[in-house]
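1. have a look at this prediction, sequence included:
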Amino acid sequence: MRGISRASLDEVVRRFDAILPSANAATLGHELFEVVSILAEEHSLRRWLADPANEGDQKSGLMGELLESKVSPATVLVVSDIVRSRWSTGRDMVNAVERVAAYATVAVAEDEQRLNELEDEIFRFGRVVAANPELRASLAMEGVAASHKRTLVENLLSGKVNSATLRLVTEAVTRPRGRTLEQGLEHFGQLVAERAQRYVAVVRTAVPLSENQQARLQDELSRAYGRSIHLNIEIAPEIVGGLSIRVGDEVIDGTVAGRLSEVRRRLAG
């Protein structure tokens, strides 16, 4: 998000954090994800709510009428605050609801200082999906009922991962909102990292890194980016040697395969 949406999001999250301690976090997260689904599907409603020509009180009142008696008071408060705010686009507004839904979902793990666990579980599930084309096809296939996909995810993960991980993976699978499955999992992994106030570095290496190597790399990246770094490590023999590191949109490619590719590109030019 940029400009007015970025400023609105910062204020929304600040006020959300004030509401969260008195709310049932799991219920709040679930209900906010349902609101995301409604706003994503109801195009006319989304456009009207995002239109700056419409008064904030009118927007808040309409959402209050739609949600009252269906959701908790905390959810009504959060959604009312979001629709009152100014957004550059309707999508930015829906993304704000999705973000605080994810923040509420991980709040219990946050209190228990288990956000590392969530990040690792989401990343590992993404690696499992990448290594199993048939599983990926089952989870990402269009036209398959969301209930069927939800049951599949529950059968795969229930009792094996944190409840917040299960919820976020289920959202990525059943309500992708235009993202690929991989993009959805990465998106929620990034939101968990943001909640922990750190960056995620996806490290591709031909051979496993020792604990000492991981610690040194983590320290170096943290100093470079001025923020704590969480490492997601992927073993990729095809890169031959060296490391490929991606932090957000920035890629540091120090692999043998990457250097060979650059040589070929120059020769071709």
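-> Looks like it arrived, so ask away.
2. where does pLDDT dip in this protein?
-> Counting by pLDDT under 70, the chain has low-confidence residues at 112, 198, 249, 259-260, 262-264, 266-267, 269.
3. now do the strands in it.
-> Using DSSP state E, the strands of the chain run over residues 198-205, 228-235, 243-247, 250-253.
4. so who does the closest residue to Gly248 other than its chain neighbours touch?
-> With C-beta to C-beta, 6 or more residues apart in numbering as the criterion, Gly248 has its nearest non-adjacent residue at 6.8 Å, and that residue is Tyr199. C-beta here means a position set from N, CA and C on the backbone, and glycine is covered the same way. By C-beta atoms under 8 Å, 6 or more residues apart in numbering, the residues touching Tyr199 are 193, 221, 225, 227-230, 247-248.
5. by neighbours, which of the residues you listed wins?
-> Ala193 (23 neighbours; other C-beta atoms under 10 Å).
6. still on that earlier bit, could you export the contacts of Tyr199 as JSON lines, including distance to His148?
-> JSON lines is the format used below for these (distance: C-beta to C-beta, whole Å):
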{"residue": "Ala193", "distance to His148": "30"}
{"residue": "Leu221", "distance to His148": "40"}
{"residue": "Tyr225", "distance to His148": "41"}
{"residue": "Arg227", "distance to His148": "40"}
{"residue": "Ser228", "distance to His148": "39"}
{"residue": "Ile229", "distance to His148": "38"}
{"residue": "His230", "distance to His148": "33"}
{"residue": "Val247", "distance to His148": "36"}
{"residue": "Gly248", "distance to His148": "34"}
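7. find the pair from those with maximum spatial separation.
-> Largest separation among the contacts of Tyr199 by C-beta to C-beta: Ser228 and Gly248, giving 14.4 Å.
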